[in-house]
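Trainee: show me the folded form of this:
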Amino acid sequence: MARTLVNVSATIFALMLIVRALFTYIYPGKLPFNLAIIDWLVVIAGSGAAISSIFCFIKKRYPDTAEFLPMFSTVCYVIVLIGYAILRYTPAYQTSLSIMVTGMLVGMGWWIQCITSAANTRRSHTLNMIINTRTSPEYQKQLRNSTKFYRVCVMCHKNSLSGAATRIKKNTRT
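Mentor: Below you'll find the predicted structure:
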């Protein structure tokens, strides 16, 4: 789903860039609509493609983050759109925008680090439990007992045993 969104958004982004270039350089005359509409479509499609591709990368690289990753991708998308609106229409709020974006990036980094360290802790705990179990005296005792039991009681197919018994009888007669 996300990979499809990346492809669709990237295609729309490229088309909107071409349309913007056409209306800027080839048909620069009076337009029946505001050119800001195309600019918004470029930003919407471009940020959708970029954030969706980052989403796919993080989900593939860190599968443990898949649960809350759509929420954070949505937050990033909204912040990019708000950032574009602030930079385009009210540049006096650039300081607030920089604080908001920095806080978002720090929060996402902390979240990804927390999720991956929790997953690594779980894996480490599982590995330690397996190693501790295998080195315990009880496990070693049970392993020795089962090895002795299966070494003595070799299970064979009944036809192979009757054939072996016949061969043994023939060899002892000669």
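
Trainee: go through the chain and flag its longest helix.
Mentor: Counting residues, the longest helix in the chain under DSSP state H turns out to be helix 94-134.

Trainee: after that helix comes which helix or strand?
Mentor: Sequence-wise, the next helix or strand downstream of helix 94-134 (DSSP states H and E) is helix 137-152.

Trainee: now do the longest helix of the chain: distance to the chain's middle.
Mentor: Mean C-alpha position of helix 94-134 versus that of the full chain (C-alpha atoms, centre = their mean, to the nearest Å) differs by 14 Å.

Trainee: what's it packed up against?
Mentor: Secondary-structure packing of helix 94-134 (3 or more C-beta pairs under 8 Å, 6 or more residues apart in numbering; DSSP states H and E): helix 69-89. Heads up, the C-betas are built off the backbone N, CA and C, glycines and all.

Trainee: could I get the buried residue list for the helix it packs on?
Mentor: 69, 72-73, 76-77, 79-80, 83-84, 86 (16 or more other C-beta atoms under 10 Å).

Trainee: quick check: domain ranges of the chain?
Mentor: The record assigns the chain these domain ranges, following automatic domain parsing: 2-135, 139-174.

Trainee: which stretch in those is the model least sure about?
Mentor: Lowest mean pLDDT within the domains of the chain: domain 139-174, a mean of 62.

Trainee: quick one, what contacts the most centrally placed residue in the chain?
Mentor: Central residue of the chain (C-alpha atoms, centre = their mean): residue 59, 1.8 Å from the mean position. Residue 59 sits next to 2, 65-66, 69 when contact means C-beta atoms under 8 Å, 6 or more residues apart in numbering.

Trainee: among the residues you listed, which ones are buried?
Mentor: Applying 16+ other C-beta under 10 Å to the contacts of residue 59 flags 2, 65, 69 as buried.

Trainee: pull stretch 72-86 out as CSV, backbone CA atoms only.
Mentor: Output of stretch 72-86 as CSV, limited to C-alpha atoms (Å, rounded to 0.1, in the frame of the first residue of the first chain):
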residue,chain,number,x,y,z
PHE,A,72,4.1,9.6,12.9
SER,A,73,4.0,9.7,9.1
THR,A,74,0.7,11.6,9.2
VAL,A,75,2.1,14.0,11.7
CYS,A,76,5.2,14.6,9.5
TYR,A,77,3.0,15.1,6.5
VAL,A,78,0.8,17.7,8.3
ILE,A,79,3.9,19.5,9.7
VAL,A,80,5.3,19.7,6.2
LEU,A,81,2.1,21.3,4.9
ILE,A,82,1.8,23.6,7.8
GLY,A,83,5.5,24.6,7.3
TYR,A,84,4.9,25.4,3.7
ALA,A,85,1.9,27.5,4.6
ILE,A,86,3.8,29.4,7.3
